[in-house]
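Engineer: build me a structure from this.
(3 chains)
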Amino acid sequence: MSKEPDIVKNAICTFCGCVCDDIELTVDPDGKRITKATNACVLGKSWFLEHKVEDYPVAMINGKEVSFEEAVEEAAQVFVNAKFPAIYGLSDTTCEAQKEAVAIADYLNGNIDTTTSVCHGPTGMAFQGVGESTASLGEIKNRADFVMYWGGNPAEAHPRHFERYAVTAKGMNTPNGKEDRTVAMVDIRPTSSSLIADIFLQIKPGSDFELLWAMRAMVKGKALDNTLEERTGISMEKLENLVERMKNCQFGVIFFGMGLTMTRGRHFNAGALLELATDLNDFTHFVALPTRGHGNVTGADNVVSWQTGFPFGVNFNRGYPRFNPGEFTTSDLLGRGEADALCVIASDPASNFSQKAIEHIKSIPVISLDPKPSVTSQLARVAFTTATYGINVAGTVYRMDNVALKLRPAFKSPFPSDEEVLRAIKHRICELRGIMINKTAAA
Amino acid sequence: MSAAIRIKNGKVYDPINNVDGEIKEICIKDGKIVDSVPSDSHCIDAHGMVVMPGGVDIHCHIAGHKVNLARKFQPEDHRHDVQPRVGNLRSGTGGTVPSTFTTGYRYATLGYTTAMEAAVPPMGARHTFEELHDTPVLDKGYYVLLANNVCLNQLLEKGRTEEFKEAVGWWLNAAKAYAIKLVNPGGDEPWKGRKNSNVHNLDEQISGFDLTPRKIIKALIDASNDLELPHPAHIHCNNLGHSGNYKTTLETMKTAEGRRAHITHIQFHSYGGEVGKNPTSQAAEISNYINDNPNISADVGQVMFGKATIMTGDAPLTWLLRNMTNNKWINADTECESGCGILPFSYQEHIYTHALQWAIGLELFLLAKDPWRMVLSTDHPNGGSFENYPKLIRLLMDKDFRNEQAGNVNQKAIANTNLLDIDREFTMHEIAIISRAGPAKLLGLSNKGHLGIGADADVTIYDEMKDREAMFNAARYVIKSGELFINNHEFCSDLDGRILHVEPQYDEAVEDIIRPFFEDYYTVQFDNYAVDDDYVHGAEVIPTKSR
Amino acid sequence: MKLSLHTQPDVPLEADVIFPDLLLEKTVSEAAALEIFHGNEKTTLGDFFTITDENNDGTVEVEGDLSKVKLLGSGMSFGRLKIIGNVGAHLGAGMSGGEIIVEGDAGDWVGREISGGRIIIKGDAGHMVGSVVRGSSIGIQGGEIIISGSVKNELGNGMRRGLIAVGGDSGDFTGVNMKAGTIVVLGQLGQRPGAGMVRGTIISTHNAELLPTFTYDTTYRPTVLKSIFIYLRKLGFSLDDEYINGNYQRWSGDSIELNKGEIFLYAE
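Structural biologist: Below is the predicted model of the structure:
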C-alpha cells in the first residue's frame, strides 16, 4: 500500500441512509484526521471532521485491557457455551462484516437480528404482506413531479435528500427542480421540512392509518364515512384535492419515516402506505420508499436476506434459518429473558431498549464491537474497539434505495475492522466446534 | 491443487466430442480433463452410471437486487423448505427463490456446475457480484440489461451508432457482464413516466424518443456481433405473454438479418390468438423459423405446474398479472436503466392458459430439429424452479409419461396443440446437448459442456435409472473444477466458483459522452459506478476475438 | 400420560413432540427419550419432564410453568392435551383436530394456521391468536379457539374459517384481513377492527370505533348471534341475557375490499 492520499475524491458518507458519494475529503498530513469534507451536509461534516483516533484499548475483558487474541478467545468461549446466543446491530458496518456475523450465527446455531427490527422492521413485514412499488433515487430526481413525505423530517435527518434526490434536484423530466414538482408533507406537527411543502397536512397523532385508509378508499372510489375530519384533522375536501393531484401526476413518490412505522399500528401503517402507492398505479406511475436512517442498514437487510432468505430476526437454533418477527427480534427476545449471550455490533441496545430487555442484558455475557465506548460496551464481558467504516475501513454499503457502493476510506486506523474481529471469532468458534471452514477455491 | 481422479467404467455422453454412451475413462488433474493420471490416483468406479459434463444453465435468475427482493418478499415460501447446515456448508432456505448458498448446493445436486443470471441493470452489478460470491460451487456470470438504457438510447436516436457501440463496450466493462440482455426493448419509458403503458409493436415510436424497439434490437444485435462477444444478444422479446405475440417474435428474429441472436424463454413468445383473448399455440411456426435459420438460438422457458415466482425486467407484464391474480406485487425501477416486476405465481393444471403454456414448451423442444439451438430452461423461477429440471427431462425422454401427464391437465388446451401427435423421445445424448453441451456452445464457453482434453473438469455422474426424473434428481458424484463436491450422494466440502465475464475493447474517449450524462441524470458519481476487480476475485475473462 | 416440568429451561424449550398423536403411542421411557431443542442444544423430554403413565383416557397432561416452552400441541390431530400452568408461544400451531385446554395464560401465536380442533384457554393469550404467519395471507382454516381472558393484537389475522371467542378484550387490528369466519369479543375491541376484511363476522358486546371504510347498515336482533352466544354459554362463558337477546348495530366493510364483512356491536 502506498502512502495515504491527501485528498479523497468521491468519498462516501455513511452517516445516514442517503449515502452521498460525492464528498471530497482532505486528510491532515499526519494521517489521523480529516480537515475538510466538501459537499457534506452538516451531519456529514461532523461525522467526518469529528472523527479522531482515540487512545482506547483494542480490547477489554470485564473492563481490563487485554490482547486482541485473548479477547477473541474469550468471545468465542462465551459464544460456544451459550445455548441461545444472539447477535444484534450491524447497520453501521460494512457488508463484509455483516456476512461474517451471519456466518457466526449459522455455525453457532444462534440468532441474528439487525437494527432494522427497531426502525423499519415494520416496513419489511408490511412489504412481505403487500409488496411495494419502488425506485432508485435517480428515478425520483429525473421523473417525480409529485413528492410526498410522511412521518419524517428529512431536512434534519437526511439534509441532502431534497437537493440530491427529491425536491430541488433537477433531472430529465424535472429540469426546473422544485418548480416542476408538487411537494406534500404529512406530519403531526410543523417541522423544518414542512416549511418547504406546497401542501402540508397536519394530522392528529395516531391517525395515520385512518388517513391512509381513507385515501385508499378515495383512490378506489369506495364508500367513506364522514367522520374523517374529526378523527384525522383533515377535511374530506382537502383530501380529495390531494388524491386527485396524486392520481394525475406523471410520476409520484411517497417517502416515509419512523413517524409512521414506529407509532401505533406499525406494520399496518407501513402496509397501508405501500398499498396506497400500489393502488395509484391504476392511474399513473407511483412509488414509495422508506427513508432509512443508518448508513448501511439497507445492506444488513440485503446480506441477511440473501444468506438466509429472511431480512432480519433470523434464528438458527435448529440448524437452519427461521424467521418470525416478535419471536426472534432482539428487543422482544431480550424482553422475555430468552438469550443467554449477546453480541452487539455498532449499536447500543443497553441505552435504548426496554427496561426489561436492559435488565436481561445486564444478566448475561455481552460481547461488543464499537469504535467508541457506549453503555453497552461498558457493561460488556468482552469489548472490542474497532475502526470506523467509511472513514478507516473499506467495503460495501447500500444506500436506502438498495444501490450498493464501495467505500473510499480516508486513513488507516490502529484498530481492527468489525470484519477482522468477527472473522477471528468465527475461526476460533469453528475450531472449537470442529468445523473445517477453509473453503477450497475451485479456480 | 486437487488430487487426480480417474472415472472408469462409466457410460459417457459427451456430444461435443461425439461420444454417445461409450464406456470410456475420464481422467482429471489440476481442475482439467487430462488424457491420463497416475495409476494410484483416486478412482471412481462408475459402473452402471452415466457420465456427463456438468450442467450449464443459460438462463436463470439467481442473484441481484430483484432476486433478493423476491427472496425477502416470500418468507412463507422458504419456511417449509429449509436447507440444514451440513459440515462446513452453510444452511439456508429453499422455495422458488432459495438463499444463495442453497441455490449453489441444489444446482450442484442436480449435476449443474455453471449458471447464468439473466437480467441485471448495470447499476445492480455490484450487488449481483456480492450475491454470486456467496453462491457456492457454480461458475457464473450475468447478462447486463441495455435495451432501456436512456444514455444509449439517446445516442441511438441521434444516429450516433459508432459512439453507441463504444458506449456498449464501456458498459460491458464497467459492469463486468458476460452478455448483452434485452428485455421488452423500449418498454420502460412508457411504463415509468407515462401512465403505466407499454410498447406493443416493433415499429412503434417510444414515448419521449425518436426511436423504435426495432432500432434498439438491431443495434444491440449488431453490437454483440461487432464486439465479438462469446454469447450473442440475449433477447426477451416485446409482448411477452400476450396472445398473438408470435408475430412480434418472428419480427424480432428477422431483425437480426442473419446475424447471431438468442431468443430467451421463447415459450412465452409463441402464442397465437388475439390480444385479450385466450392464446393458441404457434410453436410450429416458431420452430420452423428457427429450424430454417441457423443464426437464431433459443432457450425454451418451460412452464412447470406448481409454485413459481415471476421476476422480470418487464414491469408492465407483472402489473398485468397482478391485476389478474390480486397477488402481492413488487415494482422496482432503476434510474436510466431498467424496470422490474415481481409476483408470486402458481401454474395450475386445470387452467387453460397454464396448460397451454406447458404444452407449447414441450412442443418447442420436440419440434426442434437442432437441439443445439433450442436448449433447456424454465426461466427459473418464472416458469418454475430449476429444481423441476429432472421432471422436465423425463417429460422429454418418456412419451408415455408425457401423454399420461397431458391427460391430467386442461384438455381444451391440449386439444389446441399438437403435443399428443408427437412421438419423439429425447435420447440421453440429446439431453446432454440441451442441458450442457448446447448451452456451453451458445455461451461460447469452449472449456465447458464437454469432456475433451483441456476442458474444465466439471463432471457429473448419475446412476442410470429407468425413471429419468429420479436419475437426474440427485447426481451420485459431482466434480467441480477437479474437486469432488458430491461424493456418493454426500456433500464433501464447500467450494467456491468463478465469475465469468467479458472485457471487450472500446474507445475510452466515449467516457467524455457518458460522464456528463451521469452528472446530469444519475445519483451515483461516475467514478463510483464501475465495478472494480475486488468484486470478481477468482474471475475468468472469456476472450472476445479482439481481446 | 402426564408430564411434569422438573427443570425450568434457561432458554426457550421447543417441545414440539408434546402432542397426543405421538405421545400416546409411546411408553413412558420412549417418551422420555424423545428429542427436543433447548435453545440450540439437543436434549430429551426426560431432561425436563417427569413422565408418568396416568389417565389412560387419551389425554396428555402437562404441568408446570411452561411459559418458556414453545410449540406444545403443534400439529396435533386427535386426543386431548391438558396444560396446567402458563404456556409459551405457538401453542397448537397448525393443529387439525383434538382439543387443547390450558389452565393458565398462553403466549403469542396460539393456534396459528389451524385447520380444525379446539383450543380452550382459561387465562389470557398474546398477540396473533389464530393468525397467519408473516408473508402469508391465509390464517386459520377451521377449528375453534376459545379464550376466557384477554388477547393482544391481530386476533384472527387472515382468518378464513372457524370460530374465535374471547371473554375479555382484544388488541388492535382484530380480524384484520379476514377472509371469512367468526370472531366474538365479549370485552372491548382494540383499534381498527376488521381492517382489510373481505368477508366474515366480528361480534362485540361493546361499542367500538370503526374505520372510515365501514358503513352503518341497521340495528336489529340477528338470530344467528343468539345461537352463537348460546353455544358460547355451553362452552362456559358467562353471558347476560341482555347480550343474548339484545339489539346490535350492523356495519359493513371493509369497503376497500369486497365490503362483504360485517361487524356487530351491541346497542344498548
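Engineer: just list the residues touching B:Ala284, thanks.
Structural biologist: Shown in contact with B:Ala284 (C-beta atoms under 8 Å, 6 or more residues apart in numbering or on different chains): B:363, B:367, B:418. Quick note: C-beta positions are derived from backbone N, CA and C, even for glycine.
Engineer: may I see the residues you listed organised as TSV, with secondary structure and neighbour count added?
Structural biologist: Output for the contacts of B:Ala284, formatted as TSV (DSSP: H, G, I helix; E, B strand; the rest coil; neighbours: other C-beta atoms under 10 Å in any protein chain shown):
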residue	secondary structure	neighbour count
B:Glu363	helix	24
B:Leu367	helix	18
B:Asn418	coil	14
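Engineer: so which of these comes closest to C:Leu3?
Structural biologist: B:Glu363 (60.0 Å; C-beta to C-beta).
Engineer: isn't that closest one right next to B:Ile414, touching?
Structural biologist: No - B:Glu363 is beyond contact range of B:Ile414, at 10.8 Å (criterion: C-beta atoms under 8 Å).
Engineer: show me which residues of the stretch 101-250 of chain A sit near chain C.
Structural biologist: Contacts of the stretch 101-250 of chain A with chain C, taken as C-beta under 8 Å from any C-beta of the partner chain, map to A:108-110, A:125, A:128-129, A:209-210, A:213-214, A:216-217, A:220, A:222-225, A:227-228, A:231.
Engineer: which PyMOL command selects the buried ones in those residues?
Structural biologist: Buried residues within these, by 16 or more other C-beta atoms under 10 Å in any protein chain shown, are selected in PyMOL with:
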select buried, chain A and resi 108+109+110+125+128+129+209+210+213+214+216+217+222+223+224+225+228+231
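Engineer: out of the residues of the stretch 101-250 of chain A next to chain C, list just those in helices.
Structural biologist: Within those, residues falling in helices by DSSP state H are A:108, A:125, A:128-129, A:209-210, A:213-214, A:216-217, A:220, A:228, A:231.
Engineer: quick one: these as JSON lines, columns for pLDDT and distance to B:Leu442 too.
Structural biologist: Listed next are those as JSON lines, based on pLDDT from 0 to 100; distance: C-beta to C-beta, whole Å:
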{"residue": "A:Leu108", "pLDDT": "97", "distance to B:Leu442": "44"}
{"residue": "A:Met125", "pLDDT": "94", "distance to B:Leu442": "42"}
{"residue": "A:Gln128", "pLDDT": "96", "distance to B:Leu442": "37"}
{"residue": "A:Gly129", "pLDDT": "95", "distance to B:Leu442": "41"}
{"residue": "A:Phe209", "pLDDT": "97", "distance to B:Leu442": "53"}
{"residue": "A:Glu210", "pLDDT": "97", "distance to B:Leu442": "57"}
{"residue": "A:Trp213", "pLDDT": "97", "distance to B:Leu442": "52"}
{"residue": "A:Ala214", "pLDDT": "96", "distance to B:Leu442": "55"}
{"residue": "A:Arg216", "pLDDT": "97", "distance to B:Leu442": "48"}
{"residue": "A:Ala217", "pLDDT": "97", "distance to B:Leu442": "52"}
{"residue": "A:Lys220", "pLDDT": "96", "distance to B:Leu442": "47"}
{"residue": "A:Leu228", "pLDDT": "91", "distance to B:Leu442": "60"}
{"residue": "A:Arg231", "pLDDT": "94", "distance to B:Leu442": "62"}
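Engineer: in the chain, where is pLDDT below threshold?
Structural biologist: All of this is about chain A. Residue ranges of chain A with pLDDT under 70: A:1-5, A:438-443.
Engineer: residue with max distance from the center of it?
Structural biologist: Largest separation from the mean C-alpha position in chain A: A:Asn226, at 38.4 Å (C-alpha atoms, centre = their mean).
Engineer: contacts only, for that one.
Structural biologist: A:Asn226 touches A:Met236, counting by C-beta under 8 Å, 6+ apart.
Engineer: distance-wise, check it relative to B:Asn288.
Structural biologist: Distance from A:Asn226 to B:Asn288, counting by C-beta to C-beta, to the nearest Å: 65 Å.
Engineer: same deal with B:Glu337?
Structural biologist: The value you get for B:Glu337 to B:Asn288, if C-beta to C-beta is used, is 36 Å.
Engineer: for these two, indicate the residue with more neighbours.
Structural biologist: Taking neighbours as other C-beta atoms under 10 Å in any protein chain shown, B:Glu337 and B:Asn288 compare with B:Glu337 leading, 28 against 14.
Engineer: for the more buried one, what are phi and psi?
Structural biologist: In this entry, B:Glu337 is assigned phi and psi values of phi -130, psi -40 (degrees, to the nearest 10).
Engineer: do I have it right that it meets B:Ala147?
Structural biologist: No - under the criterion of C-beta under 8 Å, B:Glu337 is not in contact with B:Ala147, lying 10.0 Å apart.
Engineer: so what pLDDT did B:Arg194 get?
Structural biologist: Per-residue pLDDT puts B:Arg194 at 70.
Engineer: in terms of pLDDT, where does the closest residue to C:Ala93 other than its chain neighbours sit?
Structural biologist: Leaving aside its sequence neighbours, C:Ala93 sits nearest to C:Ser74 (C-beta to C-beta, 6 or more residues apart in numbering or on different chains; 4.2 Å). Reported pLDDT at C:Ser74 in the predicted model: 96.
Engineer: B:Lys545 too?
Structural biologist: Looking at B:Lys545, its pLDDT is 67.
Engineer: what residues does chain C have near chain B?
Structural biologist: So chain C meets chain B at C:133-137 (C-beta under 8 Å from any C-beta).
Engineer: what's the end-to-end length of stretch B:344-351?
Structural biologist: One end of stretch B:344-351 to the other measures 17 Å (C-alpha to C-alpha, to the nearest Å).
Engineer: what comes up buried for that stretch?
Structural biologist: So, applying 16+ other C-beta under 10 Å, buried residues of stretch B:344-351: B:344-345, B:347.
Engineer: between those, which sits nearest chain C?
Structural biologist: Nearest to chain C, judged by C-beta to the nearest C-beta, of those is B:Pro344 at 9.5 Å.
Engineer: how far away is that closest one from B:Thr312?
Structural biologist: When B:Pro344 is compared with B:Thr312 (using C-beta to C-beta), they lie 13 Å apart.
Engineer: please apply the same query to A:Thr227.
Structural biologist: Taking C-beta to C-beta, one finds A:Thr227 at 43 Å from B:Thr312.
Engineer: tell me which helix or strand A:Lys238 sits in.
Structural biologist: helix A:236-248 (DSSP states H and E).
Engineer: residues contacting whichever helix or strand comes after that helix, please?
Structural biologist: Heading C-terminal from helix A:236-248, the first helix or strand you meet, by DSSP H and E, is strand A:251-256. Strand A:251-256 is contacted by residues A:123, A:135, A:139-140, A:143-152, A:154, A:161, A:166, A:173, A:246, A:270, A:273, A:276-277, A:280, A:284-291, B:192-193 when judged by C-beta under 8 Å, 6+ apart.
Engineer: which ones among those are found in helices?
Structural biologist: Within those, residues falling in helices by DSSP H are A:123, A:139-140, A:143, A:154, A:246, A:270, A:273, A:276-277, A:280, B:192-193.
Engineer: can you put the residues you listed in a markdown table and add distance to A:Phe84?
Structural biologist: Shown next, in a markdown table, are the ones in helices among the contacts of strand A:251-256 (distance: C-beta to C-beta, whole Å):
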| residue | distance to A:Phe84 |
| --- | --- |
| A:Thr123 | 27 |
| A:Glu139 | 43 |
| A:Ile140 | 43 |
| A:Arg143 | 48 |
| A:Pro154 | 39 |
| A:Met246 | 47 |
| A:Ala270 | 29 |
| A:Leu273 | 35 |
| A:Leu276 | 39 |
| A:Ala277 | 39 |
| A:Leu280 | 44 |
| B:Lys192 | 47 |
| B:Gly193 | 51 |
